[in-house]
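In: Here is my input; please provide its structure:
(one chain, ligands or ions: 1)
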Amino acid sequence: MTKQTKFIGAHVSTRKGYSGAAKMALSIQASAFQYFPMNPRRLSTKQVNVHDAQACAQLCQENGLVSIGHAPYPLNPAADEVERDLMVSILKSGLEITDACGSVGLVVHFGKYIGKDPLQGYKNIIQCLNSATQGYEGSAVILLENQAGEGSQLGLTMEEMVQVRKLCEHPDKVGFCLDTCHAFASGLWQGHNWRDLESKGLQLDYLPHLKAVHLNDSLHPYGSKRDRHANIGSGFIGLAHFKEFLESPYLNHMPIVLETASGTDGTHLKEIALVKSLIQDP
Ligand SMILES: [Zn+2]
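Out: Next up, the predicted model:
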């Protein structure tokens, strides 16, 4: 039997705690999952329930599960200095929880900047990441997620991700999460050219720091700059392109999670099975 290389799963609820999220993942035949470490709609820190987090970490270890946390939606590392302390406290809190849960990292949207000088947006992100990782010694890292280009033009390319990471004081605490819908909508990935992106990603030093994937089809066509996820095979990317993508050796051993609508049974059981069927040795 070949050793498992692809870890497929979905975003799951923490209604029954972090350990409940891990159990949910197991019940839908997932080997990876994503969860919200804290309230996804608010910018408020959360006291980690150590007991629950440890139970989650243990379940993952015993069952070969890998996981990522997703930071709250309003979190914006590109926000100006007046909001810096708030953003940093959320990042620190999120990192602490994901680390306690034994997760690979905390997924953070690259950030939106609406001011006149886009360079200031990048500077803000670097400052925010520097402060959030200062003195942090856990093994979960911040995972910058590429954006679709809706509302803001920041964080659409590999070049930006790599450059921001390089300019951080603690680049070892920063990695990347690739969202396939965002990559398609932003114009980064045409669907048929994953091999080209592999060579580019290696050349730029993006792929060695890719630690997670958000596996989503796109409701809108290539380059639309619209962030609307579709179920795998029901959008403009299509099954053939996902098959080619999923066979990439650069996606081995990392959480690959669906952020799509759940099936009629209220779970991602069927969609996970579909994704696994696209891979030769899941
Ligand atoms: Zn995503």
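
In: burial count for Ala30?
Out: The local packing of Ala30 (other C-beta atoms under 10 Å) involves 28 other residues. Glycine gets a C-beta too; all of them are placed from N, C-alpha and C.

In: What are the contacting residues of the strand or helix carrying Ser19?
Out: With elements taken from DSSP states H and E, the one containing Ser19 is helix 17-27. Contacts to helix 17-27, defined as C-beta atoms under 8 Å, 6 or more residues apart in numbering, come from residues 9-10, 12-14, 16, 31-33, 35, 37, 49, 52-53, 55-56, 59-60, 63, 65, 67, 97, 101, 267.

In: what do you get for stretch 45-65?
Out: Identification of contacts with stretch 45-65 by C-beta under 8 Å, 6+ apart yields 4, 7, 9, 17-19, 21-23, 25-26, 30-33, 37-39, 66-67, 89-90, 92-93, 96-97, 100-102.

In: Filter the residues you listed down to the buried ones.
Out: 7, 9, 17-19, 21-23, 25-26, 30-33, 37-38, 66-67, 90, 92-93, 96-97, 100-102 (16 or more other C-beta atoms under 10 Å).

In: Tell me who's in contact with Ser224.
Out: Ala185, Ser218.

In: for Val88, that is, sorry about that
Out: Contacts of Val88 (C-beta under 8 Å, 6+ apart): Cys128, Ser131, Ala132.

In: sorry, back to before: select from the contacts of helix 17-27 every entry located in helices.
Out: Under the assignment DSSP state H, those contribute Asp52, Ala53, Ala55, Cys56, Leu59, Cys60, Asn63, Ile97 to helices.

In: and those residues as a markdown table, adding distance to the ion?
Out: As requested, these are exported to a markdown table (distance: C-beta to the ion, whole Å):
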| residue | distance to the ion |
| --- | --- |
| Asp52 | 25 |
| Ala53 | 23 |
| Ala55 | 26 |
| Cys56 | 21 |
| Leu59 | 24 |
| Cys60 | 21 |
| Asn63 | 24 |
| Ile97 | 19 |
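
In: could you redo those as CSV and give each row distance to Gln153?
Out: Shown next, in CSV, are these (distance: C-beta to C-beta, whole Å):
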residue, distance to Gln153
Asp52, 39
Ala53, 37
Ala55, 42
Cys56, 37
Leu59, 40
Cys60, 37
Asn63, 41
Ile97, 31
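
In: For burial, what's the neighbour tally of Gly233?
Out: 15.

In: ok, and the closest non-adjacent residue to it?
Out: Leu239 (4.5 Å; C-beta to C-beta, 6 or more residues apart in numbering).

In: That neighbour and Asn231 touch, don't they?
Out: No: with contacts counted by C-beta atoms under 8 Å, Leu239 stays clear of Asn231, the gap being 10.9 Å.

In: Who has more neighbours out of the two?
Out: Between Leu239 and Asn231, counting by other C-beta under 10 Å, Asn231 is the more crowded of the two (18 against 15).

In: quick one: the more buried one and Ser93, what's the gap?
Out: Distance, Asn231 to Ser93, using C-beta to C-beta, to the nearest Å: 32 Å.

In: got it, and Thr157?
Out: Taking C-beta to C-beta, one finds Thr157 at 29 Å from Ser93.

In: Likewise for Leu202?
Out: 34 Å.

In: all strands for the stretch 51-200 of the chain, in order.
Out: 66-70, 105-109, 141-145, 174-179 (DSSP state E, counting those that start in this stretch).

In: In TSV, list the ones you listed along with distance to the ion and mean pLDDT.
Out: Converted to TSV, these look like this (distance: least, C-beta to the ion, whole Å; pLDDT from 0 to 100):
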stretch	distance to the ion	mean pLDDT
strand 66-70	8	98
strand 105-109	7	98
strand 141-145	6	98
strand 174-179	4	98
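
In: Quick one: closest of the ones you listed to Gly187.
Out: Set against Gly187 and scored by C-beta to C-beta, these come closest in strand 174-179, at 13.5 Å.

In: Remind me what that closest one packs against, helices and strands.
Out: Applying 3 or more C-beta pairs under 8 Å, 6 or more residues apart in numbering; DSSP states H and E, we find strand 174-179 packed against strand 105-109, strand 141-145, helix 158-167, strand 210-215.
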